[in-house]
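3D model of this:
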Amino acid sequence: MADKPSISIIVPCYNEAGNIEGTVESIKSALDSSARFGEAEIIIFNDLSTDSTGEVIDSIAEKEKSVRTVHNERNMGFGYNYTEGVRLAKMEYIIMVPGDNEIPSEAIRRVFVQTGNADLVIPYTANTHVRPLSRRFISRAFVILMNTLFGLRLKYYNGTCVLKAKELKQLELKTWGFAYMASILVRLIRQNASYVEVGIDISQRETGASQAFTMKNIVSVVSAIVGLFIEVRLTDRALYSKVGAGQS
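Here you go, the predicted structure:
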């Protein structure tokens, strides 16, 4: 156990009362089957849900010593929950797994086992057909745009990436919107961080609806991309002059 790394798993939830227990079970199963980590903690955020998510996660925490819960006083969004989770994280590596139970245990395990093989472990959705056509189109357009703007060749930017806690805690996390992970990946890779990409199969949501494509989130993403481009390509260009190597 002592020679294995540790990991903090951030789980944001908004109205996921019907999904969060399955999410936690998938995480626990992936931790057991991967046998990659010596210690793990799960930090679950209730992002001011209007259903019984808060009660459900508190019940989980009462049974599971590795689970901590955080109840936001306002609805803050994925990026904020991730940023706050990074601040609270106590382990060597950090990953975010959404509380919607879209990512099955085997997919999480595939990400876990790659930890340590590169600076960044970046998953991408292999079975994109399970998502609506409109979401696939928008996701693909986003990837093409990001690769073009920043000179990269990633397959996906918004996945459940495993990153080193030390590097994340030193990095200024500048956006709380849905582009938060894209911003992190661009800045780290353009500073020569190595990465490995892992194809995973996701599941369809069992209950509830995705909150990704609201007008608020779209405006936030556009704003984040503009700010990132100015930083990486203009004002701090010298800092981001190297591009890390990747492998699939």
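
which residues of this structure fall in helices?
Applying DSSP state H to the chain gives helices spanning 20-34, 53-63, 78-88, 105-112, 133-150, 165-170, 180-189, 215-229.

Mean neighbour count, the ones you listed: which tops it?
Across the helices of the chain, averaging neighbours per residue (mean count of other CB atoms under 10 Å) puts helix 180-189 on top, at a mean of 24. Using the backbone N, CA and C atoms, a C-beta is placed for each residue, glycine as well.

nearest to residue 118, of the helices of the chain?
helix 180-189 (10.5 Å; CB to CB).

Would you reformat the helices of the chain as JSON lines and include mean pLDDT and distance to residue 201?
Listed next are these as JSON lines, based on pLDDT from 0 to 100; distance: least, CB to CB, whole Å:
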{"stretch": "helix 20-34", "mean pLDDT": "98", "distance to residue 201": "13"}
{"stretch": "helix 53-63", "mean pLDDT": "98", "distance to residue 201": "25"}
{"stretch": "helix 78-88", "mean pLDDT": "94", "distance to residue 201": "22"}
{"stretch": "helix 105-112", "mean pLDDT": "97", "distance to residue 201": "6"}
{"stretch": "helix 133-150", "mean pLDDT": "93", "distance to residue 201": "15"}
{"stretch": "helix 165-170", "mean pLDDT": "94", "distance to residue 201": "27"}
{"stretch": "helix 180-189", "mean pLDDT": "95", "distance to residue 201": "20"}
{"stretch": "helix 215-229", "mean pLDDT": "85", "distance to residue 201": "25"}
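
and of the ones you listed, who's closest to residue 41?
Here helix 78-88 is closest among the helices of the chain (CB to CB), at 9.1 Å.

the inter-axis angle of that closest one versus helix 215-229?
Relative orientation of helix 78-88 versus helix 215-229 (axes from the mean of the first three to the mean of the last three CA atoms, to 10 degrees): 60 degrees.

Need the CA coordinates for helix 78-88. CSV is fine.
In CSV, the C-alpha atoms belonging to helix 78-88 read as follows (Å, rounded to 0.1, in the frame of the first residue of the first chain):
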residue,chain,number,x,y,z
PHE,A,78,-18.8,22.3,-12.6
GLY,A,79,-15.8,24.5,-12.8
TYR,A,80,-16.2,26.0,-9.3
ASN,A,81,-16.8,22.5,-7.8
TYR,A,82,-13.7,21.3,-9.4
THR,A,83,-11.6,24.3,-8.3
GLU,A,84,-12.9,23.9,-4.7
GLY,A,85,-12.3,20.2,-4.8
VAL,A,86,-8.7,20.8,-5.9
ARG,A,87,-8.3,23.1,-2.9
LEU,A,88,-9.7,20.5,-0.5
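
Can you convert the helices of the chain into CSV and add a column each for distance to residue 98?
Putting those into CSV (distance: least, CB to CB, whole Å) gives the following:
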stretch, distance to residue 98
helix 20-34, 7
helix 53-63, 13
helix 78-88, 8
helix 105-112, 11
helix 133-150, 14
helix 165-170, 18
helix 180-189, 11
helix 215-229, 14
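
Apart from its chain neighbours, what residue comes closest to residue 45?
residue 81 (4.2 Å; CB to CB, 6 or more residues apart in numbering).

Likewise for residue 61?
residue 67 (4.4 Å).

Specify the beta-bridge partners of that neighbour.
residue 42 (DSSP bridges).

what's the distance between the residue nearest to residue 45 and residue 186?
Relative to residue 186, residue 81 is positioned 20 Å away (CB to CB, to the nearest Å).
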